[in-house]
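S.K.: Show me how the following folds:
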Amino acid sequence: RASTLRARLSGGLRSLKSDMAAFQAANPGCILEDFVRWYSPRDWQPSAGEGGGGRGRLSERFRHPGNVWFECWESVLPIPAHKQKRIFDFVNEAERALHDLETVPPHDICRQVLNAGFVAAAHSLSACVVASQVESVAGRLARARHLLWSAEDTYQNGASLGVPHHRDRDVEAEHLDEVCTAFGLAEQQLSKSASLLHKFGGGVS
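M.R.: Numbering: from 1, shown residues only. Below you'll find the predicted structure:
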């Protein structure tokens, strides 16, 4: 029931119906069992001693009353894939993306750019050999990454409440300052460690 409800709410049935319509068009006179054997082999249970023949039955989840697959199969018409309406409307999606870019507040653009920069910085610092050799450097990087994800979680939690642009700017600025400081300390620790390792022959005690 839960999977059926999720499929209905998420609009995932559009893709399933499209595949069913194309299958019916390519295989006149077929039945749902034929489609399931092709589309989802794990939901087809061959009869004992079948030896690869056509006898068998659908899996347990298909035997529940009101199964959504049966409803979809009965509701579609046989239409070849190339004659169907596109499931992904790239023109509409492009217009939505442009609209979002036109209406997004500058503050949110800065936040997203900064987050991308911090992630790139974390990868760059972690790629240094010293980051895995010196425990103190690894600890600094771990704290910096933790603060970055914590700050992003705070923003996402506010956005999930439907008020992404009315959150506490002071709190967000404080989080950003903590992240900047943490990355600065991590970079400083890494530079010092790399310098010392170079001067003393690259060994780690």
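
S.K.: Tell me where the chain has strands.
M.R.: Per DSSP state E, the chain carries strands over the ranges 44-46, 56-58.

S.K.: Compare those and give me the one nearest residue 122.
M.R.: Nearest to residue 122, of all the strands of the chain, is strand 44-46, at 46.7 Å by CB to CB. Every C-beta, even on glycine, is put in place using the N, C-alpha and C of the backbone.

S.K.: Does anything pack onto the closest one? Which helices or strands?
M.R.: Contact here means 3 or more CB pairs under 8 Å, 6 or more residues apart in numbering; DSSP states H and E; on that basis strand 44-46 packs against helix 32-39, strand 56-58.

S.K.: By mean pLDDT, show me the worst of those.
M.R.: Looking over the helices and strands packed on strand 44-46, mean pLDDT reaches its minimum on strand 56-58, with a mean of 85.

S.K.: quick one: buried residues of it?
M.R.: Residues residue 58 are the ones in strand 56-58 that count as buried (16 or more other CB atoms under 10 Å).

S.K.: so what strands line up beside that strand?
M.R.: Taking DSSP bridges as the criterion, strand 56-58 sits next to strand 44-46 (antiparallel) in its sheet.

S.K.: Report the distance from the biggest helix by length in the chain to the chain centre.
M.R.: With residue count as the measure and DSSP state H as the assignment, the chain has helix 169-199 as its longest helix. Between the mean C-alpha point of helix 169-199 and the mean C-alpha point of its chain there is a distance of 29 Å (CA atoms, centre = their mean, to the nearest Å).

S.K.: Just list what it packs against, helices and strands only.
M.R.: Judged by 3+ CB pairs under 8 Å, 6+ apart, helix 169-199 is in contact with helix 106-127, helix 129-133, helix 135-160.

S.K.: Out of the ones you listed, the one nearest residue 65 is which?
M.R.: Evaluated over those, closeness to residue 65 peaks at helix 135-160, with 35.3 Å, by CB to CB.

S.K.: any chance of the strands of the chain in JSON lines, with distance to residue 143 too?
M.R.: JSON lines is the format used below for the strands of the chain (distance: least, CB to CB, whole Å):
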{"stretch": "strand 44-46", "distance to residue 143": "52"}
{"stretch": "strand 56-58", "distance to residue 143": "53"}
